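K.L.:
Sequence first, then the predicted structure, then my questions.
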Amino acid sequence: MPATTLYVQQFIDNDERVREALQLAGERGNVNLMEAPRPELDRMTNGLNHQGLVLQVPPYEYAHPEDLVANAHDEGEDPLIVALDGVTDPRNLGAVVRSVSAFGGHGVVVPERRAAGMTAGAWKTSAGTAARTPVARATNLTRALEAYKKAGIMVVGLAADGESEIGELDALEGPVVIVVGSEGKGLSRLVGETCDFRVRIPMPGGAESLNAGVAAGIVLYEAARRRG
């Protein structure tokens, strides 16, 4: 993970967790170590539970949607990408990044506006996987999906009223972009019309919907199982 400064709370108990953090920062060689009073750390983190350690990182560098395809081809693999449509909770973005990393995906695409970005909350939820799984920003998500289609990539949207179930979709075996909408509204009209397929996740328990992180994880697992 890129980092510039590790702030340590004054008079913090020097337990194993603190010693490990200091050791890792020292081994990096390019991370500054600073001591600060707790009120200052509270201010820096907007009152989040920092537990006496705050790591300052540079602004996140977003990829371009085309970069994700290029990275997959460089690895000799069919692209497996997740696009988020209207997902505004950074924790959901972080969870999706973590699932993409776990199941061998090549990145996540988010719209530039009215969407979650790679905030501190997203980094935390990703459990470190955001350091190696790129997130790309699209000025216009519909156009980005159309560009993927022109590149020979199938665009699959998740929808409660999808025409088929994910287990029936052979497209997951090849180059594919999985589009996940918000839990409340689902896919926007234009994005839904752009998809090659609209599929649903069977839920025999009767739940009406899943959050974006859970839904993406289920479909990514199915894609990884088919590709394996």
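P.N.:
Yes, it's here.
K.L.:
show me what contacts the residue nearest the centre of the chain?
P.N.:
Note on the chain: the residue nearest the mean C-alpha position is residue 97, at 2.6 Å, using CA atoms, centre = their mean. With contacts defined as CB atoms under 8 Å, 6 or more residues apart in numbering, residue 97 is in contact with 108, 122, 125, 126, 129, 130, 133, 135. (Glycine included, C-beta is placed from N, CA and C.)
K.L.:
For it, give its distance to residue 216.
P.N.:
Using CB to CB, to the nearest Å, one gets 10 Å for the distance from residue 97 to residue 216.
K.L.:
next one: residue 116
P.N.:
Taking CB to CB as the measure, residue 116 and residue 216 are separated by 13 Å.
K.L.:
Looking at these two, which one has more neighbours?
P.N.:
Between residue 116 and residue 216, residue 216 has the larger neighbour count (other CB atoms under 10 Å), namely 29 against 22.
K.L.:
before we move on, what SS does the residue nearest to the centre of the chain have?
P.N.:
Each residue gets one of three states, and residue 97 gets helix by DSSP: H, G, I helix; E, B strand; the rest coil.
K.L.:
Next one, pLDDT for it please.
P.N.:
We have a pLDDT of 97 for residue 97.
K.L.:
mind listing what's buried in stretch 215-228?
P.N.:
215, 216, 217, 218, 219, 220, 222, 223, 224 (16 or more other CB atoms under 10 Å).
K.L.:
Pull the residues that contact it.
P.N.:
Stretch 215-228 is touched from outside by 78, 80, 82, 95-96, 99-100, 102-105, 156, 158, 166-167, 170, 172-173, 176, 178, 180, 199, 201, 210, with contacts defined as CB under 8 Å, 6+ apart.
K.L.:
any idea of the mean pLDDT in that stretch?
P.N.:
94.
K.L.:
Restricting the selection to alpha carbons, write that stretch to CSV.
P.N.:
Output for stretch 215-228, consisting of C-alpha atoms alone and laid out as CSV, is shown next (Å, rounded to 0.1, in the frame of the first residue of the first chain):
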residue,chain,number,x,y,z
ALA,A,215,-24.1,-10.0,-5.2
ALA,A,216,-20.8,-9.4,-6.9
GLY,A,217,-19.1,-12.0,-4.8
ILE,A,218,-21.7,-14.6,-5.8
VAL,A,219,-21.3,-14.0,-9.5
LEU,A,220,-17.5,-13.8,-9.3
TYR,A,221,-17.4,-17.1,-7.6
GLU,A,222,-19.6,-18.7,-10.4
ALA,A,223,-17.3,-17.1,-13.0
ALA,A,224,-14.1,-18.4,-11.3
ARG,A,225,-15.7,-21.9,-10.9
ARG,A,226,-16.5,-22.1,-14.6
ARG,A,227,-13.1,-20.8,-15.7
GLY,A,228,-11.3,-23.1,-13.3
